[in-house]
Each structure stands twice: as structure tokens, then as C-alpha cells.
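> Dropping a prediction and its sequence here:
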Amino acid sequence: MKQQRESRVHERYLRHSKKFPNVWCAGCGIGIVLGAIIRAVDALQLDKNDVAMISGIGCTGRMPVYVDFNTMHTTHGRALAFATGLKMVRPDMKIIVVMGDGDALAIGGNHFIHAARRNIGLTAIVVNNATYGMTGGQYSPTTPLGARAATAPYGHIEHPFPIAELAVTAGASYVARSTVYHVIELEKFIAQAIQKDGFALVEAVSYCHTTLGRINRWGRAPDMMRRLKEQSVTVRQAEKMSANDLKGKIVRGVLTDRQDMIEYTKLYDQIIERAQEEVG
Amino acid sequence: MMAAQYQVRLAGTGGQGAILAGILLAEAAIRDGKNVTQTQSYGPEARGGASRSEVVISDGEIYYPKVLQADITLCMSQEACDRYGGERSRSGLLILDSDHVSRAPTTMAVRVPLTSLAKQVTGREITANVVGLGVLVGLTGIVSREAMEEAVRARAPRGTAEMNLKALRAGFEAAERVRSGGA
Amino acid sequence: MTTNANPSDETNGVLMQGDEACAEGAIAAGCRFFAGYPITPATEIAEVLSRRLPQVGGKFIQMEDEIGSIAAVIGASVGGAKAMTATSGPGFSLMQENIGYAAMAEIPCVIVDVQRLGPSTGRPTSPSQGDVMQARWGTHGDHPIIALSPSSVRETFDLTVRAFNFAERYRTPVILLMDEVIGHMRERIVLPDPDTIELVERAGTTVPPEWYKPYENFPLDVPPLVPFGEGYRYHITGLHHDERGYPTNRLDEVRPWLERVFRKIESSISDIMIYEEDEVQDADTLVIAYGVTARAARQAVEQARQHGHKVGLIKLSTIWPFPEEVVERAADRLHRVIVPELNRGQLALEVERVVGRHKVRRVNRADGSILSPDDILDAIKEWSR
């Protein structure tokens, strides 16, 4: 039964007026993340009218156009800032912000940490493929040290950003990480993130076989998918591992789920009350 | 034909309250039914540095909002006096805080120890700007004393109205002494 | 003592700062969202609105930078709020990409730029009119824009209201070009009765959601923008798009959009043009000025008239689109046009384009000081010899 439902659920959320196929390469992980988002929204029985999907620029930035929500494809790096304005005006909306690693952590890094710090009620989903896929495989803030990229022909000399850990430190209410291989888990985390009142981040580790994979001879899409499976460990497993053993591993699971913080627009409602009391 | 217009410049060191004095004078002018503009210039410092406030008061419309030639200049620091003391019009009035200004470009300046007067009557040197306003208004009548008092009362932070009015009246009295030849 | 506005006698008016009048004008216009980042000389606008907006149920946020500020403003506008940001030159430069986004996606918003001396950090507390061309062409690509420039505290209030009205009526970003003098100046003003202020609200739609096209080639050229969350699910993008908002590369979809967005402004020039003419009927010399410079110009013109010079003044409140017809009409009868500006000659380029270079005399200052009436009077006298 569940299988049958799945094949239809996407149809109810995709825009039929928008001509397919999509822009993503065959074998790309971004579609898997989109599928997980759709199933999470469906499982939560949200009204499409109350859901907004906002993106920046890049391969992941093209995600909103395909779904039948209130959708907005903004400028590079700024999706969270656009979403902040929308959330303040429409606090009851569920706003899902989808970004790539370059979008969220390089050009949009400042907005990323401040949206988390404010604990504004947005669901941020970062599809981390460790590169700029759309422009051809240049190194991004999460490209592994030593990897080759279109702009690192001699090997990459910068350290990658740990996206999820950064969000924890910056003050997010909910932070989880999974991969596009662990689809069921990813869908569960996304649903939890959407339900969270404050700022919630899900890092969806993916890959780009077309650019970074090709440049580094990491194989084709199935090979890279297999690497996600082999390289990942759960939070619980990671607790028992040494720092050395953890090198190059993807730690999956819920990194934080705080209950002690009030969401930003709810705090602002208190400001309004205070201001209006003052003027009488 | 342009209506009668008075140009006032208030200058001192940042933190002395020259800009606030300009605002108070402008608000008094409004209470007298006049048109008024108040502009300012200051450095990047919140305290210290040169600070200048300009007020144009007119019965008619004010086009150019800044002082072109001051009819009245109040200088609360030596630096302000060096800069603006000589710039006033020939017939203009120059008022100096003699506690801070020792050299002036003219012997015609009115010298009043604004800071020590402020300390004397309110115990707070910070009210020297209001004492200065009192002297300025007392000597020139550019706005009515009543309007000046009302403006000070309206803007004074809670609980400081009386203190500031004391400072203002001390300025009025100092102006009377200047008029009668003493200082 | 505080420096907050303190209303005095109501009939006499109040002493109000230009930045504050901008904030109050925004409230009066129905602005209910502001996002900004502190910068001299525009900070007072943010400070006033952080206090005033929650009083009227609106919202204020200080963002992490100016790029985020304009982004949040556009997001709020998409949510249905009248929204504004305020900045100065450096921040205005940072906002340019997203101003282009608002023009492309046709999202109403107001951007206030209290001009200070540039380029770069320049002199933060010194006035300038150096952002005239940036207001027109600061973002990449061809797009229409509306920019207004006030020359008094009261006009700052009025033009802020007009800026919101234009933004909503034409679905466009509108730029309010103030300058440091007007922003920081305090002046006696009498505010209008709120009931007498004409307000434009965002047009709604009567069509059902499945028929709604946010970028439809509408007869009036401005298709209604339905806020997110009201049952009309559609797509907004900075890519060239079709009538439904979906990205397109088709020339037959890109071209009509481009034509429509220019037409929506150009066909409404008479509504958008705000200017004042003074003593132009018999004038052989004309001064064209805006912002704080228009005040010096007015005094200069009055003094010149007293000396027998036949000189008139056009004070422009609408700078962009450039009021070609107004200038052309006046210039036909004139021998000379003087354009005083606090820059090296920016709007003068437009005047020269319309009336011819040989007729135009620029009077410029771009060092942080302002032009005095004498500076302009000298130019009038020099040319009348």
C-alpha cells in the first residue's frame, strides 16, 4: 500500500503547468531531497497554501519552481534573508528554504549564521554536494581538503565547513544531518525540522558526479551513492569513535533539538504588546 | 521680498550640548509662531571633537537652511571661538563661555562664565549650554523668554525640568548684568 | 535631555528631523515592515521605526547587512506588507543586486538613500547628491525605476508617502533620494491630517487561483500581485519569466515582459512627475535643482530677480524617470539652463541631453560642503552679462 501511495504523492505536489524534465543531471541527489520534502509535507498534512519554498541560486536553487507551493527563487546567498522578511509578515506559514553549500555557506554564510542566531522559524535545508555544480565544479566551502576542483587543479588547500555543527554553534533550535542515500531518515528529519518552531537545519549530504566526481575520478552516480553509505556513521556510533577514526566520516543524526528557546516572531509579538502598552 | 531672518550659530566641543541648545532654541521659535530650521555638523565621535549647531529663525519661509552670516554666535570652546568667532557679521553678537575661551578675535565679545555658573546654580556643568541659551535669549530677545522656558520644560527628561529652568534663568540674569554693565 | 521629537503647540507645528519625517511618512503610508542596517546619516530612520512600527502592529528588524535588509524587505512585501529599508551610499551600493531583483520580479518596496559624500566610505556626516546615477543605473540590466528627492522636512514626509503609493500602484521598487542635510535637518512642520492623505493599496484579483497570472500582460500593464499565503500559489524568480512566473528563454515571452515593465512607468509619466515651477513665465534663464540644492537655488533666484535678472526655477521632486517633457517645454523658450548639484554633474547629463550642451551651465560641488545661494547667483550673473 505504502509503495502505491508514494508513486502518486509527488504528482499531487508537482506543478503540471511547468514543463518537465527538470534541470538536474540524471543521477543527481537534489531530486531525492525534493522527494523527501514532498513526502514530509504530505505526511504532516500541511495545506499547500500555507507552505512557501524559497531558494537562492545554483542547482538546488531550481528546486522551488517544480512544486505547487508559494515559491520564490531569489538571489545568490540571500534566500534566508528573503525568507526572514516573509516569515515576519506571515508567521503562520511554513517556510522551507532550500540552498546548496555554496549558496548557504559562502556567499550566504552571514545570513546563515544570523538566521540561526535569531532562531527565526524557518526550515533550512542545505543540499551539500561539496561543489558549485551549475557553474562546473569549482571548489565550495565544503569541498574536502586535497580534492581537485575546476578552480583547484592542483588540489584543494582549504578546510571544509561542518555545516550542521556551525548551525548548532550559531544557535539553531534543531539540527540534523543525513544523506541522499538514507532517504527514509532524511524524510523523517525534514518532517521534524518543519514541525520545529524555531530555526531548524537539515544538512542533506549529496554529491555531484557530473563535476567533482568526474574531476576526482570518484566514479559515477551509483558509486558516489555507495560512498555515502560506506562513509556515514550515526551520532551514536560516532560517540564511541576516536577523532582519527572519524576523519572523512559523515555523522548522521539529530545533533541538537532544543526546547528552551522561543521562536523569533513569537518574541516579536511580545515587543508589539510592550510597545502598544506603552502608547496605551 | 524676504522676511526678517536671524541666523544663530552655537558651537562647542562634542558632548557640551551645542546641538541640543540649537534644538531648544528652534522649538522656542516655533512656540513664538516663527519658521525655523536647525542644522548641525559634527565629527564621528559621540563625545569630544568639534560640534556645531545652526538655527535660522524667520517670519517667512526659509529657503537656504544653513547660516551664511551669523547674527549671533555662541562659542563654548576655544576651538569653536577660533573657528567661528571671527566669522560673525560686523554687527553680530559673539557670546563666549569665559571658562573655556581665553582668546577672542574681538574686544566686543560678551564673556560669561557659563560653565561655572552652571555648576553654581545646578551643580551640573552639563547645563552650561542651557545657561548659554539664557544669556543669548536674555540679550537678544530673538525668542520670548516664555517660549524658551516652555521649550526647556517640554524637552527636559523626567525630573530635570526644574534644574534646567534654573540654569536658563541664571542665563537670563547674567544677561541682565551684562546689559547693566557688569558681568 | 533626549533629542526625540517633542510635539509643541499643534497649530504652530512641530520641530522634526528629516529622517524622522521619513519614518513618520512611512507609517502614514501604511508601511508595516522595515529592515535595515545602521549607517550614518540614515540611522535615525531605523531608530524611529524600531519604536514606532510595533506601536502600530508593524515589525522592525535590524539585519546583518544591507543585502539582507533589502532581501527581507522584498520577502515581507511578497507576504503582503508595505515594506521599506533605509541606508546611505555604501549600503545603497550593496543593495543594488536585490533592487534589480525587485524590478525584475515586480515587487513593491521603498528604498531610502540618505546620500553622503562618496565614493567609498567618503565622509559619513557630509552631504552629497552623488547617487543620482546609481539610483538610475546601479543594478545591472535594463529596468525602469522611480526615484524621488525631497528638499524639506515636510516634503520628505510627503514624498515618502508618494514613494509607497508609486511602489504599490506600479509594482516597482521606488528610491527616495534624500541627502545628509535634509536627513539631519530639523524644521518646523505641520503634518497633514491623516484622513486627508491619499493612499494606494495593493490591487487584489477577482480571478480564481487557477487563472491567476502574476505577470499577465494586463491591459493596464500592472497585473495585481497577490501576497503569498492567500491561496494563489505561484512562482517568483529573478530569471526572465513567462506570465505565470516560470523561467523562460523564449523571445516571445521575454520581449512582451520587457516592453510591459517599461510601458507601465512611461505611460504614467504625468502621474509620477512631481515638480514645482517658480517664476518661469518670462524667464530667459532657468535653474533646475533638487534636494537641498533647490533651497539655495530658490534663494538665489529670488535675489537675482531683485537685481533684475529674468530667471526662473524648476524644482524637481521626481528625478527618475527624468522629466524630459517638463524640461523640454521650459527650455524651448530659454537661452540658458543652470544645473547646480552636489556632485560632478549627474542630472546635468540628462538636462544636457534634452536641451543641448551649449545651453547648460553646471554648478557643482562634490567635497562635502553645500552650494550656497551666492554660488548659484554668481552663475546667473555671469551668464547674464
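Everything's here; your move. Numbers count the residues shown, from 1 in each chain, chains lettered A, B, ... in the order given.

> and the residue of chain C nearest chain A?
In chain C, the residue that lies nearest chain A is C:G75 (3.0 Å; CB to the nearest CB). Using the backbone N, CA and C atoms, a C-beta is placed for each residue, glycine as well.

> Show residues contacting the strand or helix carrying C:R263.
Remark: C:R263 resides in helix C:251-266, with elements defined by DSSP states H and E. With CB atoms under 8 Å, 6 or more residues apart in numbering or on different chains as the test, helix C:251-266 has contacts from C:103, C:106, C:142-146, C:170-172, C:215, C:217-218, C:220-222, C:240-243, C:248, C:272, C:321.

> Please flag which of these sit within helices.
C:A103, C:Y170, C:I272 (DSSP state H).

> show me what contacts the second one?
With CB under 8 Å, 6+ apart as the criterion, the residues that contact C:Y170 are C:P108, C:I146, C:V222, C:K264, C:I265, C:S268.

> Are the helix or strand B:K166 falls within and chain C in contact anywhere?
In the assignment (DSSP H and E), B:K166 maps to helix B:161-179. Yes: Helix B:161-179 lies within reach of chain C by CB under 8 Å from any CB of the partner chain, at B:N164.

> Show me which residues of that helix are buried.
Of all the residues in helix B:161-179, those buried under the rule 16 or more other CB atoms under 10 Å in any protein chain shown are B:161, B:163-175, B:178.

> can the ones in helices among the contacts of helix C:251-266 go into CSV with extra columns for pLDDT and distance to A:P91?
Output for the ones in helices among the contacts of helix C:251-266, formatted as CSV (pLDDT from 0 to 100; distance: CB to CB, whole Å):
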residue, pLDDT, distance to A:P91
C:A103, 98, 28
C:Y170, 98, 29
C:I272, 98, 35
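
> which one among those gets closest to chain B?
Nearest to chain B among the ones in helices among the contacts of helix C:251-266 is C:I272, at 25.9 Å by CB to the nearest CB.

> For that closest one, list the residues it contacts.
By CB under 8 Å, 6+ apart, the contact list for C:I272 reads C:I146, C:F166, C:I265, C:T318, C:P321.

> ok, how many other residues are close to the first one?
What that stands for is C:I146. 23 (other CB atoms under 10 Å in any protein chain shown).

> Just give the number of residues close to the residue in chain A that chain B sits nearest to.
With CB to the nearest CB as the measure, A:E278 is the residue of chain A nearest to chain B, at 14.3 Å. A:E278 is flanked by 10 other residues according to other CB under 10 Å.

> circling back: just the buried subset of the contacts of helix C:251-266, please.
When the contacts of helix C:251-266 are checked for burial by 16+ other CB under 10 Å, the buried set is C:103, C:106, C:143-146, C:170-172, C:215, C:221-222, C:240-243, C:248, C:272, C:321.

> Kindly state the beta-bridge partners for A:V254.
A:A176 (DSSP bridges).

> What average pLDDT does the host helix or strand of B:E149 get?
Using DSSP H and E, B:E149 sits within helix B:145-155. Averaged over helix B:145-155, pLDDT sits at 97.

> The chain: helices as residue ranges?
You didn't pick a chain, so chain A it is. Taking DSSP H as the test, the helices found in chain A are A:2-9, A:30-43, A:79-89, A:101, A:109-118, A:163-170, A:183-195, A:214-215, A:221-231, A:235-239, A:243-246, A:264-279.

> was after chain C, sorry
In chain C, the helices defined using DSSP H lie at C:18-29, C:43-55, C:66-78, C:89-105, C:132-137, C:153-170, C:180-184, C:251-266, C:269-272, C:291-306, C:324-332, C:347-355, C:373-384.

> what does the last one contact?
Read that as helix C:373-384. Contacts to helix C:373-384, defined as CB under 8 Å, 6+ apart, come from residues B:63-64, B:68, C:285, C:287, C:289, C:296-297, C:299-301, C:303-304, C:307, C:309, C:311, C:336, C:338, C:340, C:361, C:363, C:365.

> and the angle for it with helix C:291-306?
Relative orientation of helix C:373-384 with respect to helix C:291-306: 50 degrees, computed using axes from the mean of the first three to the mean of the last three CA atoms, to 10 degrees.

> which parts of helix C:373-384 are buried?
For helix C:373-384, the neighbour count (16+ other CB under 10 Å) marks C:P373, C:D375, C:I376, C:L377, C:A379, C:I380, C:K381, C:W383, C:S384 as buried.
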